[in-house]
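Enquirer: whatever this is, show me its structure:
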Amino acid sequence: MTNSTKKTTTKEKAKLPPNPFIHEILELASKQRSKVKKVEILQEYGNPALKSLLIWNFDDTVVSVVPPGDVPYKANEVPVGTDHTSLRKEYKHLFNFVKGGNDSLTSLRRETMFIQMLEGLHQDEAKLLMGMKNKSLNKMYKGLTESVVKEAFGWNDKFVRPE
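Expert: Prediction:
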């Protein structure tokens, strides 16, 4: 008889740096195999910016006033964490791009502001913002569904606006 020993490997949960970019949180959540793990990641790294973006993406009452489809902008190609802003800082301005948010803006001014925001973000964050505007984050990030998001943040039938 041979004595076989099982190798036990402990998989540590991947950790993100403090104040991670929103795209990093969603990428990590999408890499998880189970709904429970996805929910845990969203809860652990949840912040008002992430919640606002997910509400815009999944809440049907939030209507974008930026034209659908791709927006022509010049991608910011500098490395992550250097010469650009983040959605964590810029999410407070998103009200300008939804119906009822700032209806006094002209379409041209609104679209110009949106392009400027995209160009100031890291290219991965800009892609995320475009996906959110088109309500397609669930296509960009595997397993990021409305039910996962609602479970992560305790939202039932209605989405709760972050403070």
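
Enquirer: this protein: helices as residue ranges?
Expert: For the chain, the helices defined by DSSP state H occupy 22-31, 35-44, 48-58, 87-90, 107-120, 123-133, 137-140, 146-153.

Enquirer: any idea which of those helices gets closest to residue 97?
Expert: When the helices of the chain are compared by C-beta to C-beta, helix 107-120 sits nearest residue 97, at 5.8 Å. Every residue, glycine included, has its C-beta placed from N, CA and C.

Enquirer: okay, the angle between that closest one and helix 123-133?
Expert: 140 degrees (axes from the mean of the first three to the mean of the last three C-alpha atoms, to 10 degrees).

Enquirer: give me the helices and strands touching helix 107-120, please.
Expert: For helix 107-120, the packing partners by 3 or more C-beta pairs under 8 Å, 6 or more residues apart in numbering; DSSP states H and E come out as helix 123-133.

Enquirer: the helix it packs on to helix 48-58, inter-axis angle?
Expert: Going by the same axes, to 10 degrees, helix 123-133 makes 40 degrees with helix 48-58.

Enquirer: so for helix 123-133, mean pLDDT?
Expert: Averaging pLDDT along helix 123-133 yields 91.

Enquirer: give the buried residues for it.
Expert: For helix 123-133, a neighbour-count test (16 or more other C-beta atoms under 10 Å) marks 123-126, 128-133 as buried.

Enquirer: what residues are up against the closest residue in space to residue 50 that isn't next to it in sequence?
Expert: Leaving aside its sequence neighbours, residue 50 sits nearest to residue 22 (C-beta to C-beta, 6 or more residues apart in numbering; 5.5 Å). If you count contacts by C-beta atoms under 8 Å, 6 or more residues apart in numbering, residue 22 has them with 49-50, 53, 86-88, 125, 128.
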